[in-house]
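give the three-dimensional model of this entry:
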Amino acid sequence: VVGRGVDTRLFDPQRHSPALRQAWGLAPGALACLYVGRLAAEKNLALIEKSFAAIQHVLPSAKMIWVGDGPSAARLRSAHPDHYFAGTRLGDDLATHYASADLFLFPSLSETYGNVVAEAMASGLPVLAYRSAAAAELIVDGVNGRWVAPGDEEGFRQAALDMLARADLLPAMGLAARQTMRAHHWGAVVERFES
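Sure thing, here's the model as predicted:
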């Protein structure tokens, strides 16, 4: 009855931080791929590992940023010492992490909605996800992000490479993502419910 919303004042591209990107170990102009959420097997994180490996093969300067914690954290850290593990982040700090990245990778198939998709888009990030839950509702494929059929791992990996090949379009996709989420701020959700 009441639609899903996102705090577009908290999650805002204006929080972009060059200092944070430098702390991540990014060279100027390098690509930062981001995942936010529980670090657990049910989130299908192995697909992020495969997709980012393909990205890094083409663009060695790219960096994978993981925000969150969970039972898979130790294995991921051990397997990928070149990735950046930020741990759990909240509030303004979390919002700054979103806004400072360039591309959000979200391969989960177990979401009932997936608030992180909405938060990333509100932060001006193009999202790559399976076409389910929030991604199916919010992403216009090729406009404000990319989606692929649920379970199509090769399609997901290829979509990541396609986005990389057209990296000059990522800022425009991020702007479109932000515009999409303007209609989903909590004030608008409440107004629609009231009417």
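
got the buried residues for stretch 23-36?
24, 26, 31-36 (16 or more other C-beta atoms under 10 Å). Placement of C-beta: from N, CA and C, glycine included.

let's see the distance spanning it from one end to the other.
Distance across stretch 23-36, first residue to last, is 17 Å (C-alpha to C-alpha, to the nearest Å).

next one: stretch 28-38
Using C-alpha to C-alpha, one end of stretch 28-38 lies 29 Å from the other.

which residues sit against it?
With contact meaning C-beta atoms under 8 Å, 6 or more residues apart in numbering, stretch 28-38 is reached by 21, 24, 26, 43, 45, 48, 52, 55, 59, 61-70, 89, 94, 97-98, 100-106, 108, 116, 119-120, 125, 164, 167.

so how far is it off the chain centroid?
A distance of 8 Å separates the C-alpha centroid of stretch 28-38 from that of its chain, computed with C-alpha atoms, centre = their mean, to the nearest Å.

hey, where'd the strands end up in this structure?
Counting by DSSP state E, the chain has strands at residues 32-36, 63-67, 84-87, 103-106, 127-130, 145-148.

I'd like to know which elements the third one is packed against.
Taking 3 or more C-beta pairs under 8 Å, 6 or more residues apart in numbering; DSSP states H and E as contact, the helices and strands that strand 84-87 lies on are strand 63-67, helix 73-79.

good, we can wrap up now.
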